[in-house]
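> Build me a structure from this.
(4 chains)
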Amino acid sequence: MHKSGMKPKLRLGFVVFGVLVAIEVAEYVLGTSIQKGVWPFLAVLAVIGAWPIVNYFMHIKQLWRPEE
Amino acid sequence: MRKHWIAVIALTIVGAALLALLFLKVPLVPAQAAKQAAQIDTLLTVQLALGGAIFALVMVFLVYSVIAFRRRPGDTDDGPPTEGNAALETVWTIIPLALVLSLATYGGIVLRDMLRPPPGQELVVKVNAMQFAWLFEYPQYGFTSPQLRMPVDQPVLLRLASRDVIHSFWVPEFRVKMDAVPGMEKHLRITPTVIGNYQVQCAELCGLLHWAMRAPVSVVDGAAFQQWIAEQRK
Amino acid sequence: MRTLLSLGLLKGVIAGLAGTAVGMALTMVVRSALGYPAWQPDQVTLAGTLVGIPAYLAGVGAFSAWWGWVLGKGIEEPGGHHFWGWTRYFGADPNHKVIGIQYMATSLVVIAVAGIYQLIARLETSQPGLQFLSPDTYNSLMSLHGIMMLGAVLLGVSGMINYLVPLMIGARDMAFPRLNAFSYWITVPAVFLLLFALPAGGFDTGWTGYPPLSTKAPLGMQLMILAFYLVGWSSILGGVNFLATIMKMRAPGMGLFRMPIFVWTALATAFLQIVFTQFVGIAFLMVLLQRVLGLGFFDPAKGGNVLLFQHLFWLYSHPAVYIFVLPGLGVISEIVPVFSRKPLFGYRLVALSSFGIALQGAIVWGHHMFTAGIEEWLRIPFMVTTMLVAVPTGVKIFSWLATMWHGKISLDTPMLFALTAIAVFLVGGLTGIPNGIVPTDLYIHDTYWVVAHFHHTLFGGFVFPAMAAIYFWFPKVTGRLLNRGLGKLHWALMTVGFFVTYEPMFWLGLNGMRRRIADYDPALGLGPMNTVVSVAAYVIALSMLVFFVNLVASAWRGTRAPANPWRSRTLEWQLSSPPPEHNFPTPPQVLGSPYGFGIPGSVHAVVTPAGGAGEEKGGLGRVSSG
Amino acid sequence: MAAAAKTRGEDRVAIYRLGLWLFMGSESFLFLALLFSRFYLQGVQRPAELNQPLGLVISIVLLLSSLSAYRGETCAVYGDQAGFRRNILVTIGLGFLFLVGVGIEWSEGFHFFPPSTGFGTVFFTLTGFHAFHVLTGVLALAAVLVRGRKVQYGPGSYWAVEGAVKYWHFVDVAWVFIYPTLYLVS
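I've put the predicted structure just below:
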């Protein structure tokens, strides 16, 4: 493995982080501004927020594609 | 090899019949004293008969195989290599499924009957359970009694509450039971049908003297009940 | 003396006691410094345990390899030390066969203690009236009997899976050998805590520990909760280990549908352990937090709800029944084909039925709460899902019958126990129907009917199969045969004792005998039948005594066992008895079904015989002398 | 051990990975049980006294720590020891920062919704369990950091880092669900 492969991976980390923060802030705005019936939206957002972590940070695909 | 099948089927029928006879003749349950008890006993009998038949089937197969297909001394060969039979396996998947689903349907119908509020006025009794005693409050008449007294053939709604831990209201002759849960009110419907004296016992372990948490229950005729009410309200 | 001091167990107990003392002292100092009275039993013992258990684990040596790993030292290969004394069984040894025996031995000890508790309590109920036990002693004995037996069953299940699964799939060891040792050794303090629970005041809640009663029970409750937590922890880690082992360590050619059924049931068991144990852990932890810190989970005055506990508790404890019985059903599936000399009938369906049971078990917990006041409409779906379990269990039972049909059946002791297990489990299943149908459950819930029902499922699903398993695999484990006559005596006594103990209980339950009562009204007329039950319970105890005598005597002086005394086909029997330290020197090649009896040319696996000159015998730690 | 594994064709790292995922899967049921309890006991009620800005800040701190953990792992994969060490140290620091944030919230919580009230019971238990997991994650990261002083991580030998970092991400995922459940539903 050559070190040149490292740079794009590090950059990917920033992108994922940016998406996560955006989702979290969206949740915050929703949760603090709407008083009623907001929980279904929050549930959907939480799942959408968990997915990038599981996929890009935790590499769940390695379980069935070990070569990655 | 048809003789094995004939023998087994005959023995199963005999065994199932004997078990059914046993369940019918031996006094399995205490006296019935409520409308709900009759329905439950019928349901239980159906389940026992069915269970008995299945038990007979399996045990006859098992014991018969052990006797008829025992290994003779010195025989070290293996048996016939039957690995399965798709049709047979499907049958013994489908038939139990059908049986239990019809039992569940039957049970659901009985349950619906038991839960349905009866026509006409119900006698309401608020049952207060506490470690280790029962108190029965009659809100329609405004008094509280340490014993439960009900007129015969009158639908009763018990409103169960607990002051401390979980208790459970059970009179074996009425069959049904329901927990008294702290912080909630639970309902139980009983229509006593036989005049007599019974006992309510706590059925949910509630601590040190759980076993002794009993209270008298009596079912009386309407006139005697009115008289008792009058006495209590004095 | 030096050998004794080198025992991990002894070092662990000393370190654990010291740690407990330190933890308790520290809490008392802090409490008095904050101006509270120094002694508050719940908080002080909790802190003592929290310090004591890590200290004990360090003393046993469960951490040393991991600590060395953190420091970057090379670690000894699991089981690499060739050391064969009996002391091996009293320390943190990573070999799965050692751990399997450790689990099983612990399980038998706990079963004996818990059995004695109930024998005492049973004497009390053999006649109406309070004879010689105070109600609180009765409640404690009865409650401890329940929880200790369930702990023992969990240990026994782990023991069987640990010993057998790596051998059956042709693996060298478990996937995580050191984690495996850790999982075993955290159960030992649980056993000690349970033993201390009685002197610490016991508890009067039954094994279910329903709040709010359990939030007010004596200190014994707290020790029971901690013990349960440790066993649960062990169970989760064990489940992770079993699943990883079965998924990743199978020998070449061992496809999923070439695994022995016992491995299938172990897989389903591991799945249940991993998914559901957390729920009961958190339920008991909530009770603990309410006891120690005054949180309000189950206090309606503080916004709590007592039914929360029952939901979480049964969400585990119903599937837990399948954790207890599935491996037992797997054992029956192993034994019946061998002693019928026929392939297991409908192998695929039997294999999948274990998963059917496991998945179905996840959605039925509400049937324990029909009378507890869950929403009334919820009872109907729970009734239907409960009924469905009849299908996969029926598949298993009918397959065993079809396997025996036209077989060549020999009634050796393992087969006798397996057949009794089928009968007992069948009665357990059939008498569960009235429990699952709501109206009849309203009648029999919390009576002796339920007691009889679940003792049928546990005896039929665990005890009788476990006995069958011990009689079956004892020659493999120790290299010696169990005494056949004593074995049959054990079987006869236990079978008769069992049926005479538990069949009358159904009648007792229907006639007004509630469970968990120290005394009952003589007017109910239940005295004579209760006497019968008590006497028969002692017959079961007697049979266990015969069994223990047989175990010890045969391990010491039994006839030497050949490698494959039952002419079985699964992998473990292709090795020497006892198996070598590392099981298979080279991985076996799996070519076909494990149950191909009578099929011309059918081969399960090709095993390269063990027996390099340096290979030593494993098993009970005796250096082979002949 | 490695040699024995090789002759048997075992992929040890694949086994470790599966084991860790199974463990995390099991732990997720613990959090699921706690989340269920929150709704069972309290519905979707929340007190007005929750410190909303603080909640958002500690959430972002935890996300940031996941980023640095990811960077640390990537560096270890490519054998960049210095980058690995720096990023893991940052992660540990952020982990502590998160714990400090929870501590502040706790001290306010003791005032407004103490643990003996309905919401307090749920709040302190959930955050407490999560904080405990953060603490164990910090310990795991510290362990691989200490081990890194003796052992060179690099291509093919980075499982230790991968495992600890995975666990750290798992703790983060748990918070992604806990945060809206405690702070935002209404």
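
> drop to CA atoms for contacts and neighbour counts, all remaining ones
OK.

> Mind telling me what element residue B:76 is part of?
Counting by DSSP states H and E, no helix or strand carries residue B:76.

> for chain D, what are the low-confidence residue spans?
D:1-10 (pLDDT under 70).

> Point me to the residue of it nearest chain A.
For chain D and chain A, the shortest gap (Cα to the nearest Cα) falls at residue D:184, measuring 4.4 Å.

> Chain neighbours aside, what residue packs nearest to that residue?
Using Cα to Cα, 6 or more residues apart in numbering or on different chains and skipping residues adjacent in sequence, the residue nearest residue D:184 is residue A:31, 4.4 Å away.

> Could you verify that that neighbour is part of a helix?
Yes. Counting by DSSP: H, G, I helix; E, B strand; the rest coil, one finds residue A:31 located in a helix.

> Would you mind giving the domain segments of chain B?
Taking automatic domain parsing as the reference, chain B has its domains at B:2-69+B:92-115, B:123-233.

> Average pLDDT for the first one, rounded please.
To tie it back to what came earlier, the one meant is domain B:2-69+B:92-115. Mean per-residue pLDDT for domain B:2-69+B:92-115: 93.

> Tell me who's in contact with the residue of chain D closest to chain A.
Residue D:184 makes contact with A:27-28, A:30-32, A:39, A:42, D:46 under the criterion Cα atoms under 8 Å, 6 or more residues apart in numbering or on different chains.

> where do the helices sit along the chain?
Since you didn't name a chain, this refers to chain A. Counting by DSSP state H, chain A has helices at residues A:6-33, A:39-52.

> could you do chain D instead?
Assigned by DSSP H, the helices in chain D fall at D:2-7, D:12-42, D:52-77, D:81-112, D:118-147, D:159-179.

> Could you export the ones you listed as CSV, including mean neighbour count and distance to chain B?
Compiled in CSV, the helices of chain D are given as follows (neighbours: other Cα atoms under 10 Å in any protein chain shown; distance: least, Cα to the nearest Cα, whole Å):
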stretch, mean neighbour count, distance to chain B
helix D:2-7, 11, 35
helix D:12-42, 19, 12
helix D:52-77, 23, 32
helix D:81-112, 18, 24
helix D:118-147, 21, 14
helix D:159-179, 24, 28
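
> near chain C, which residues of chain D?
Residues of chain D found near chain C (Cα under 8 Å from any Cα of the partner chain) are D:1, D:7-8, D:10, D:15, D:18-19, D:22-23, D:25-27, D:29-30, D:33-34, D:37, D:40-42, D:115-119, D:121-122, D:143-144, D:146-151.

> Count the neighbours of the closest residue to chain D within chain B for me.
Nearest residue of chain B to chain D: residue B:183, at 12.5 Å (Cα to the nearest Cα). Using other Cα atoms under 10 Å in any protein chain shown, residue B:183 has 20 neighbouring residues.

> How about residue C:537?
Residue C:537 - counted by other Cα under 10 Å - has 24 other residues nearby.

> Next, it: phi, psi?
Backbone dihedrals for residue C:537, given as degrees, to the nearest 10, come out at phi -60, psi -40.

> Most neighbours among the contacts of residue D:184, which one?
Using other Cα under 10 Å as the neighbour criterion, residue A:27 leads the contacts of residue D:184 with 26 neighbours.

> any idea of the pLDDT on residue C:197?
Per-residue pLDDT puts residue C:197 at 92.

> To which secondary structure element is the closest residue to it other than its chain neighbours assigned?
Take residue C:197 and drop its neighbours on the chain: the residue closest to it by Cα to Cα, 6+ apart is residue C:220, 4.2 Å away. Assigned by DSSP H and E, residue C:220 falls within helix C:219-248.

> Equivalent analysis for residue B:136, please.
For residue B:136, the host element (DSSP H and E) is strand B:133-138.

> could you point out which element follows that strand?
By DSSP H and E, the next helix or strand past strand B:133-138 is strand B:143-145.

> Okay, buried residues for that following strand please.
residue B:144 (16 or more other Cα atoms under 10 Å in any protein chain shown).

> Can you list the helices and strands that that strand packs against?
Judged by 3 or more Cα pairs under 8 Å, 6 or more residues apart in numbering or on different chains; DSSP states H and E, strand B:143-145 is in contact with strand B:133-138.

> which other helices and strands contact the strand it packs on?
With contacts taken as 3+ Cα pairs under 8 Å, 6+ apart, strand B:133-138 sits against strand B:123-130, strand B:143-145, strand B:214-220.

> Can you pull up the most central residue in chain A?
For chain A, the residue nearest the mean C-alpha position is residue A:52 (3.1 Å; Cα atoms, centre = their mean).

> My understanding was that residue C:93 contacts residue C:179; is that so?
No. When contacts are counted by Cα atoms under 8 Å, residue C:93 is not listed as touching residue C:179 (10.4 Å).

> Give me the more crowded residue out of those two.
Per other Cα under 10 Å, whichever of residue C:93 and residue C:179 has more neighbours is residue C:93, with 25 against 20.

> What is the three-state secondary structure of the more buried one?
Residue C:93 - assigned by three-state DSSP - is coil.

> Spatially nearest residue to it (excluding sequence neighbours)?
residue C:181 (6.1 Å).

> got the angle for the helix or strand encompassing the one you found vs helix C:219-248?
Secondary structure assignment for residue C:181, by DSSP H and E: helix C:177-185. Taking axes from the mean of the first three to the mean of the last three Cα atoms, to 10 degrees, one finds helix C:177-185 and helix C:219-248 inclined to each other by 150 degrees.

> Can you list the buried residues in the helix or strand just after helix C:177-185?
Of the helices and strands lying after helix C:177-185 in sequence (DSSP H and E), the nearest is helix C:187-197. For helix C:187-197, burial by neighbour count (16+ other Cα under 10 Å) applies to C:187-191, C:193-195, C:197.

> My guess is the residue nearest to residue D:184 contacts residue A:38. True?
Yes. The pair residue A:31 / residue A:38 is scored as a contact, 6.7 Å apart, by Cα under 8 Å.

> any common contacting residues for the two?
With Cα under 8 Å, 6+ apart as the test, residue A:31 and residue A:38 both reach D:185-186.

> returning to what we had before: how near is the residue of chain B closest to chain D to chain A?
Separation of residue B:183 from chain A (Cα to the nearest Cα, to the nearest Å): 27 Å.

> Just list the residues touching that residue, thanks.
Residue B:183 sits in contact with B:161-162, C:300-301, C:305, where contact means Cα under 8 Å, 6+ apart.

> Among these, which are located in strands?
B:161-162 (DSSP state E).

> Closest to residue C:275 out of the contacts of residue B:183?
residue C:305 (24.0 Å; Cα to Cα).

> Not counting sequence-adjacent ones, nearest residue to that closest one?
Looking at residue C:305 with Cα to Cα, 6+ apart, the closest residue is residue C:298, at 4.9 Å.

> what secondary structure does that neighbour sit in?
coil.

> so what's it up against?
C:211-212, C:287, C:290, C:304-309.

> of all those, which two lie farthest apart?
Largest pairwise distance in the contacts of residue C:298, by Cα to Cα, is 14.9 Å, between C:290 and C:307.

> From residue C:137, how far off is residue C:42?
20 Å (Cα to Cα, to the nearest Å).

> residues in contact with stretch C:198-207?
Contacts with stretch C:198-207, where a contact means Cα under 8 Å, 6+ apart, come from B:205-208, C:136-137, C:139-144, C:146-147, C:197, C:213-214, C:217-221, C:516.

> Out of those, which sit inside helices?
C:136-137, C:139-144, C:146-147, C:197, C:213-214, C:219-221.

> how close does residue B:234 get to residue B:221?
Taking Cα to Cα, one finds residue B:234 at 21 Å from residue B:221.

> Tell me which of those two has more neighbours.
The residue with more neighbours, out of residue B:234 and residue B:221, is residue B:221; 15 against 6, by other Cα under 10 Å.

> Low-confidence regions, the chain specifically.
Because you didn't say which chain, this covers chain A. A:1-3, A:66-68.

> To clarify, I was referring to chain C.
Using pLDDT under 70, the flagged stretches of chain C are C:1-2, C:74-84, C:609-626.

> Tell me which stretches of chain B form helices.
Using DSSP H, helices in chain B cover B:2-25, B:35-68, B:86-115, B:222-233.
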